[in-house]
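S.K.: Show me the folded form of this:
(4 chains)
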Amino acid sequence: MSANLLKESGPREVFCGLTSIVWLHRRMPDAFFLVVGSRTCAHLIQSAAGVMIFAEPRFGTAILSERDLAGLADAHDELDRVARELLMRRPEIRTLFLVGSCPSEVIKLDLARAAERLNEELQGRVRVVNYSGSGIETTFTQGEDGALAALVPLLPASESRQLLLVGTLADAVEDRLIHLFSKLGIESVRSLPPRQSSELPPVGSGTTVLLTQPFLTETARLLRDRGATVLKAPFPLGAEGSRRWMEAAAADFHCPEASVRAVLDPLEARARIALAPHREVLAGKRIFLLPESQLELPLARFLHRECGMDLVEVGVPYLNREQMAEELALLPDGTTVVEGQHVERQLDRVRAGHPDLVVCGMGLANPLEAEGITTKWSIELVFSPIHGIDQAGDLAELFSRPLHRRQLIHSALHPQASDHPVHA
Amino acid sequence: MSANLLKESGPREVFCGLTSIVWLHRRMPDAFFLVVGSRTCAHLIQSAAGVMIFAEPRFGTAILSERDLAGLADAHDELDRVARELLMRRPEIRTLFLVGSCPSEVIKLDLARAAERLNEELQGRVRVVNYSGSGIETTFTQGEDGALAALVPLLPASESRQLLLVGTLADAVEDRLIHLFSKLGIESVRSLPPRQSSELPPVGSGTTVLLTQPFLTETARLLRDRGATVLKAPFPLGAEGSRRWMEAAAADFHCPEASVRAVLDPLEARARIALAPHREVLAGKRIFLLPESQLELPLARFLHRECGMDLVEVGVPYLNREQMAEELALLPDGTTVVEGQHVERQLDRVRAGHPDLVVCGMGLANPLEAEGITTKWSIELVFSPIHGIDQAGDLAELFSRPLHRRQLIHSALHPQASDHPVHA
Amino acid sequence: MELTLWTYEGPPHVGAMRIAASMHGVHYVLHAPQGDTYADLLFTMIERRGQRPPVTYTTFQARDLGGDTAELVKRHVQEAADRFQPDALLVGESCTAELIQDQPGALAQGMGLPMPVVTLELPAYSKKENWGASETFYQLMRGLLKQSVPPQPSHDVQAWKHEGRRPRVNLLGPSLLGFRCRDDVLEVQRLLSLHGIDVGVVAPLGAGVEDILRLPQADLNVCLYPEVAESSCSWLERNFGIPFSKTVPIGMGATHDFLVEVHALLGMTPPEAAEGYQRSRMPWYSESVDSTYLTGKRVFIFGDGTHAIAAARICSEELGFTVVGLGSYSREMARPVRAAAKKLGLEALICDDYLAVEAAMAEAAPELVLGTQMERHSAKRLGIPCAVISTPMHVQDVPARLSPQMGWEGANVIFDAWVHPLMMGLEEHLIGMFRHDFEFVDGHQSHLGHAGGAGAGNNHGTESVRASGCQDEAPSGQLIWTADGEAELKKIPFFVRGKVRRNAESYARTVGCKEISSETLYDAKAHYKA
Amino acid sequence: MELTLWTYEGPPHVGAMRIAASMHGVHYVLHAPQGDTYADLLFTMIERRGQRPPVTYTTFQARDLGGDTAELVKRHVQEAADRFQPDALLVGESCTAELIQDQPGALAQGMGLPMPVVTLELPAYSKKENWGASETFYQLMRGLLKQSVPPQPSHDVQAWKHEGRRPRVNLLGPSLLGFRCRDDVLEVQRLLSLHGIDVGVVAPLGAGVEDILRLPQADLNVCLYPEVAESSCSWLERNFGIPFSKTVPIGMGATHDFLVEVHALLGMTPPEAAEGYQRSRMPWYSESVDSTYLTGKRVFIFGDGTHAIAAARICSEELGFTVVGLGSYSREMARPVRAAAKKLGLEALICDDYLAVEAAMAEAAPELVLGTQMERHSAKRLGIPCAVISTPMHVQDVPARLSPQMGWEGANVIFDAWVHPLMMGLEEHLIGMFRHDFEFVDGHQSHLGHAGGAGAGNNHGTESVRASGCQDEAPSGQLIWTADGEAELKKIPFFVRGKVRRNAESYARTVGCKEISSETLYDAKAHYKA
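M.R.: Numbering: from 1, shown residues only, chains lettered A, B, ... in the order given. Just a heads-up that it's a prediction; the model follows:
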């Protein structure tokens, strides 16, 4: 590992952990996420979700009022009332997540106590758990870590041999991976989070964990505490990463190497075909990743090794060196990896570096485009089905598309001065 | 009868008989209307139908080309080919109407012969009949007379006692009328046209005919020739007309007067309630009816007697005095009834007469509105379910609505000059 | 504590951002944790701006709370002042920072910065976005102008006459994330210019500090959006004696009234009454025979105060609709909304719970909904056509084309936008005539399309109407539909069936009958039309 | 004989009416039976005109045919001349009158009327509406100008320079019942005026006889709609030496080219290349990140020649779409439409059978259709979003608001109108991301709504694609979908499933496999993206 690791601090431009509710609530349709916070929290989730495209959402905010701030006792009573009302209106809910926010953390509203109290009252009809998605403690994808960590103590114990995939996957991707693992000979594959919050997978010493996402530090720690083995591998983004990730499981399950190759070789070959047209667009292009989703390191690795891109700078909100060791090892020597952010200085470096493509958040994308810098809007990466060998082409396409688009339309929208019409 | 009957000739502004296809094809979903004509014919029907709101229509035009004009033999071959192609594409069709047009009449293309030829070829799988909807012979609603007259020879013979309603009714209205007749004690009620072209009602000396529409002269004549009795009555528009129309049937079927009253009195009372708000708008207002649908006389009678309107002039495309005798008798003394049209002079009279409401065709409505004259667009009268006592309120509403609308919006859209805002 | 699923307004500091981002040379230092930076996307994605909003977030973290967050604030204030060198600095805090009471405004005031510093105190736990925008605009203007306030206001609104110049007005209120403000400003400028009236300053949208300083030079202020500008207009009136116009020129009648009001205030001859008819196509489109079918269409209106009130007037007086519901989420505008509703014989719904709005909508059984994006979704669920008339903004509410709501062209835009969902003019009219045709009964696809599987969407609406109807009026009395009643009901096209069912049931209760047969349906029809 | 269900164009005399009704002081006596008066409603209802078209129909009847129809013609000509006193009289016949050969034009010419009489011969059994419009405009212009034709054309296109005036151009082609002509004229006038170019005469729309007489005074003619004006422009070039511009300014690139062409012809310095970017929002809207999802969307285009060609260029060069079908019903424009299609690697569909167009549409499996009202209905049946870009006109194509297609604002209007059906910007983008969510699989309602019961609409499309695919390529080889292949296909959202199915089957045939499993789907995906 010889990446150039730097740290930076200053004003940040990163979502908080509440944002991960946007995909978590879709993964588990029988769960409800109740943020205990302010109008800002409610507005944030709704804005991040793309402004109201869905009907009755499975998340909401218990908005603190001045009265709640005046006395914590009142706030607890109020929270109980709101939770009761909610559950009455939504009888299909099986798990209620109480999600802490910046304001609830600052006023030290004890959501663990609230969860305990509600669990007692509800007597198992609905399970109530809590975690914090506050922006003073978590960024963006870390919210998922909190939510899953909150579920770990509830997992049933089992010593059976099984593979546990940890981290939200699109259902179709999950189906596909389970199918492939079964072809490798691994028959018992479970997922956390499950598709129904009431069908929690068991855990124990027979459990081998593969993390599907790089931001699940706390969840991994708690699973280890429950006896599970957490495998070390690159993350399953791109053909190479996904293959090595699957191979790590295969090795742990002692699948015969020949049969592993027999399954994975054709997939990898097909992935190369799927990648080829995108590699044509991306190879030799320079990319700058701003910190947001924690996916930046695996993406940089994929974009460099499989798509031939040059890495100008790779930003990450925070860096867990141990968990990221496999990824860092695959980055080219001297890659600049910056932990934390001073958004103004980082943008200065973007402008100075003239990258061909910048991966950034929704607040920065259009302003950079207006300066003539092509961007890839990073929040899409956590919503799209991008995991696994079969999705490598789709993953590359997310990056080639903006460059391809520019190629298609730039000259017509920015015509050169001329005495003669281009087309007449 | 002391109406003032006048005749006028000159440029007319009236649809031709092809237009009636627009409702006939919807009444009998298993029939197809193939106009043999020009691009103008095709364009006319599509424009009259409101420009393409429907999917695959059950009417079309076999457009004559220069080659067809060159030789009639060719034209016959071509027509056979087009009919065959059409029936292959539309196997659900049971009756094919070949409809003559101005050009086909002028070149004397013999559609009766074509129908005969095709009938032979198709051997009963599809029945082919013909009639003319040409504008040199028919106006607007007369097309229906032609189509129904073409069906009369095909009606099976039966001496059974029955009531036959002749003229297209909306299905719901027909259901309702049959229900009411059964309450009067008339159990066997059939309709021409039927809802399926293949289920033609029988006819014979036991048949009593009630015309639902005033434009079915030829059909009535042919039914009489088949032995049916055609009752004389006002047409079933408005509560009074509908009641007298039903009473005519009840008398013919010897229904006990008391039970007739028991059925009709409450209906009439309810109709008065339904009419009241419209009468409030219409009473004392002056109406001018331009000739178009042949419904002008019964409408004038209804609007005068039940809605209290004053009749400035009642135009009719043509006048069959015998068929209209009952209606003419109910008009107030001295009503000006003008048969035929000189559209320019008639419009001069409209402008001079300052009517509150003008009933006219779609070509004239907006130009009159632009002159500040409120109009009722007459084609709607042949598309809307307006027949029967229960529809009297709806029928009145068609006339009160434009006046009501003007009341609602006129002052806001034409504000008076003022030093002070109206609403501030 | 209040359970909120979707919210109509953001927190008040988002209102402050709208003011800062609308202007140039103004920077906003917001004491807030990192999550609050989401608000940038409102401007860059929803409003498709090619610039970041001029906001520096302190993005303090939990670990900072133990230490000196005041120092953190000052460092960010200094960096922002150095980097952006604004002409004025706004300093405030979001909900979380409000709790830790660093008083960033006071801190910044004490730093000896070279530009004016305006402190914003926007109570996040009791106020909302529009209030925040209004307060920010007011505080900024007051901060910049308070030195110039004369001891005794002596403003002559007709000064232009003897100064030999054209009269001059300011347009106050337009801002980013305001509904169609960008185009309303152009349209109102064009309108005033046609009448020989110059526009001095437009603010906050596009204004700089120097423009704010020029505000007192106008003869008159035009308050285009009371939600944002009324408090500022009042202050300018109290302190400088500049009157302001109160009519919002949305719709034909209101545009006429606006012109009359402005002319009257400026001492000018009022405009021709026929101007609107000549300059807008809306009156003719509404009068022409194609529009006859619009008469009496039942419409449910919900939005911000300004647009909801305007919509109610346009619907009832200019389009001939029947308004069956009127409400707003703007508590600040409750009074005029209530008055507008009362004029129409309605009780206004002042409410920010979108589910309560949806329930009211279902209860009113309208044929058209004019609302926000949230009502668009509710209406879609209920199978009712809808047009959007108000914030909260969605990317589709910021069209590329010129789309004002105000003035003569605004009336054209409104006609098209509101009538189009009502089934595209003639098309719908013909469907009304062919309503008994097989293509328009259950199971077939209507061209309306909104509700898709027709039945599904509509039953939803119908059921909720039935349920609530029963509760309201006859909790115990169960109504029974006879087979022939149900059959008759089925003949009615699905898009009006809910209303017919409702009328029949209500009529049955009124007359005390327990069974609804086809006769009851006819009776109810006669009753309700009468 | 040709079987026609719906028709894209009316008969040629309707084209003549479009010219007469577009102008003032021109009256048209049409020898035709009463049914032909239906054509008035095209103007009064569809175009919502407050005036009757200036047409006198002779409305002869069967009984007249035995007698003297020539006398009837003369009577109507005389009455029309007396009553309307037009500045010029057009005399012609419709299809039926053509058969009885009264030669109404010759009759009228012989009547010694005080105004110019132009005879129209429009063969109703071989020509159509646009040809009729073009021919009428040409004959009227030629009739009025033929005396003024110089023996030797000696036109100096740069005369404006030494005459010390601004250059002056005529705008030729706009007419009633032309797609958005009313607003295109305003927009092009504004565009030219920005560049210091005056507009002399606009014709036929709004022109009178005196304007036609002024046509030769322009430096240059602008041919806005070749369907209507190209023959007239050519005649003016041949006889007066006035050149004409050939670029139709629809879209960003074409508007730029148009400006360059007009400037070059007039001998002016070409405009700034960046003008479009500054004056239109369309480029930024297309470049901004929200539009990334537009890239590669498959679009099927059908319309008149002018609008279809313009749409193809805008789609491929300015919106980043992939054009998968291009066609026109304008046989007169077949050559340029074919050339435009060839540039995109396509074969143009020149056809006036709407069912053949629907079949081609289904075969192309587009994600967006740009077509006429007929394609809108076909697309609705297939469950594909659609925007209308061309005549035949429908009342909804004559909006109240300013809605040009040409120039910088036209590009804005086009962006909004074409992108909106593609699921309202961000909304659709998010749905793409959430495509595996339960709300977007079969049986649930998509917000797309067009197809309503999703499955139904889409299956229709899919089935017809399958059927035709089989016939084309493998009439005997039957493909079998395995259960796991079907299951995988079901996971794909319905609105792209047709395309995926089609690709998989085509791929299976290419590689010769008989079964389609989930692996085949992945193989096909890799293959088609590569």
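S.K.: C-alpha only now, for contacts and for neighbours.
M.R.: OK.
S.K.: Point out where the stretch 351-500 of chain C drops to low pLDDT.
M.R.: C:423-477, C:493-496 (pLDDT under 70).
S.K.: Quick one: the helices in it, in order.
M.R.: C:354-364, C:373-382, C:407-419, C:426-433, C:455-473, C:483-490, C:494-511 (DSSP state H, counting those that start in this stretch).
S.K.: domain assignment for chain C?
M.R.: C:12-146, C:158-271, C:281-420, C:480-529 (the TED database).
S.K.: What's the first helix or strand after the helix-or-strand element of chain A with minimal mean pLDDT?
M.R.: Least confident helix or strand, chain A: helix A:379-383 with a mean of 85, by mean pLDDT, DSSP states H and E. Of the helices and strands lying after helix A:379-383 in sequence (DSSP states H and E), the nearest is helix A:392-413.
S.K.: Show me what that next one is packed up against.
M.R.: helix A:238-252, helix A:257-282, strand A:375-377, helix D:252-266 (3 or more C-alpha pairs under 8 Å, 6 or more residues apart in numbering or on different chains; DSSP states H and E).
S.K.: Just put the ones you listed in a markdown table and tack on mean pLDDT, mean neighbour count and distance to chain B.
M.R.: Output for these, formatted as a markdown table (pLDDT from 0 to 100; neighbours: other C-alpha atoms under 10 Å in any protein chain shown; distance: least, C-alpha to the nearest C-alpha, whole Å):
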| stretch | mean pLDDT | mean neighbour count | distance to chain B |
| --- | --- | --- | --- |
| helix A:238-252 | 98 | 21 | 47 |
| helix A:257-282 | 96 | 18 | 41 |
| strand A:375-377 | 93 | 26 | 42 |
| helix D:252-266 | 97 | 24 | 31 |
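S.K.: got JSON lines for the ones you listed, with distance to chain C too?
M.R.: Formatted as JSON lines, those follow (distance: least, C-alpha to the nearest C-alpha, whole Å):
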{"stretch": "helix A:238-252", "distance to chain C": "29"}
{"stretch": "helix A:257-282", "distance to chain C": "25"}
{"stretch": "strand A:375-377", "distance to chain C": "11"}
{"stretch": "helix D:252-266", "distance to chain C": "13"}
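S.K.: coming back round to it: is any part of the least confident helix or strand of chain A close to chain D?
M.R.: Yes. Contact of helix A:379-383 with chain D (C-alpha under 8 Å from any C-alpha of the partner chain) involves A:380, A:383.
S.K.: Check whether that helix comes near chain C.
M.R.: No. Contact of helix A:379-383 with chain C (C-alpha under 8 Å from any C-alpha) is absent, the minimum separation being 11.7 Å.
S.K.: now that helix, how far from the centre of its chain.
M.R.: Here helix A:379-383 is found 7 Å from its chain centre; the criterion is C-alpha atoms, centre = their mean, to the nearest Å.
S.K.: Just the buried positions in that helix, please.
M.R.: Neighbour counts using 16 or more other C-alpha atoms under 10 Å in any protein chain shown place A:379-383 of helix A:379-383 among the buried residues.
S.K.: got the contact list for residue 413?
M.R.: Just so you know, I chose chain A. Applying C-alpha atoms under 8 Å, 6 or more residues apart in numbering or on different chains to residue A:413 gives the contacts D:252-253, D:276-277, D:283, D:318.
S.K.: Switch to chain C, please.
M.R.: Residue C:413 makes contact with C:403-405, D:400-401 under the criterion C-alpha under 8 Å, 6+ apart.
S.K.: Would you mind measuring from it to residue D:400?
M.R.: Separation of residue C:413 from residue D:400 (C-alpha to C-alpha, to the nearest Å): 7 Å.
S.K.: Kindly report the same for residue A:329.
M.R.: From residue A:329 over to residue D:400 the distance is 64 Å, taken as C-alpha to C-alpha.
S.K.: picking up where we left off before, possible to save the contacts of residue C:413 as a markdown table with neighbour count and distance to chain A?
M.R.: A markdown table is the format used below for the contacts of residue C:413 (neighbours: other C-alpha atoms under 10 Å in any protein chain shown; distance: C-alpha to the nearest C-alpha, whole Å):
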| residue | neighbour count | distance to chain A |
| --- | --- | --- |
| C:403 | 24 | 21 |
| C:404 | 25 | 23 |
| C:405 | 27 | 22 |
| D:400 | 22 | 29 |
| D:401 | 23 | 26 |
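S.K.: Check which helices and strands the host helix or strand of residue C:81 is in contact with.
M.R.: In the assignment (DSSP H and E), residue C:81 maps to helix C:69-84. Using 3+ C-alpha pairs under 8 Å, 6+ apart, the elements in contact with helix C:69-84 are strand C:26-31, strand C:55-57, helix C:104-109.
S.K.: now the second one, how far from the centre of its chain.
M.R.: Looking back up the chat, that one is strand C:55-57. Worked out by C-alpha atoms, centre = their mean, strand C:55-57 lies 27 Å from the chain centre.
S.K.: And the last one, by the same measure?
M.R.: Its chain's C-alpha centre lies 34 Å from the corresponding centre of helix C:104-109 when counted by C-alpha atoms, centre = their mean.
S.K.: those strands in chain A, which residues are they?
M.R.: A:4-8, A:31-37, A:59-63, A:95-100, A:127-132, A:162-166, A:189-192, A:207-211, A:229-230, A:286-289, A:310-316, A:336-340, A:357-360, A:375-377 (DSSP state E).
S.K.: so how far is chain B from residue C:339?
M.R.: Relative to chain B, residue C:339 is positioned 12 Å away (C-alpha to the nearest C-alpha, to the nearest Å).
S.K.: For chain C, what's its nearest residue on the stretch 151-300 of chain A.
M.R.: Proximity of the stretch 151-300 of chain A to chain C (C-alpha to the nearest C-alpha) peaks at residue A:292, 11.3 Å away.
S.K.: Backbone dihedrals for that residue, both of them.
M.R.: Phi and psi for residue A:292, reported as degrees, to the nearest 10, are phi -160, psi -60.
S.K.: and it, what does it touch?
M.R.: By C-alpha under 8 Å, 6+ apart, residue A:292 lies in contact with A:14-15, A:139-140, A:315-317, A:360-361, A:378.
S.K.: Burial check on residue A:205, number of neighbours?
M.R.: 18 (other C-alpha atoms under 10 Å in any protein chain shown).
S.K.: ok, it - contacts?
M.R.: Neighbour list for residue A:205: A:158-161, A:226-229 [criterion: C-alpha under 8 Å, 6+ apart].
S.K.: Equivalent analysis for residue C:74, please.
M.R.: If you count contacts by C-alpha under 8 Å, 6+ apart, then residue C:74 has C:104, C:107-108, C:111 around it.
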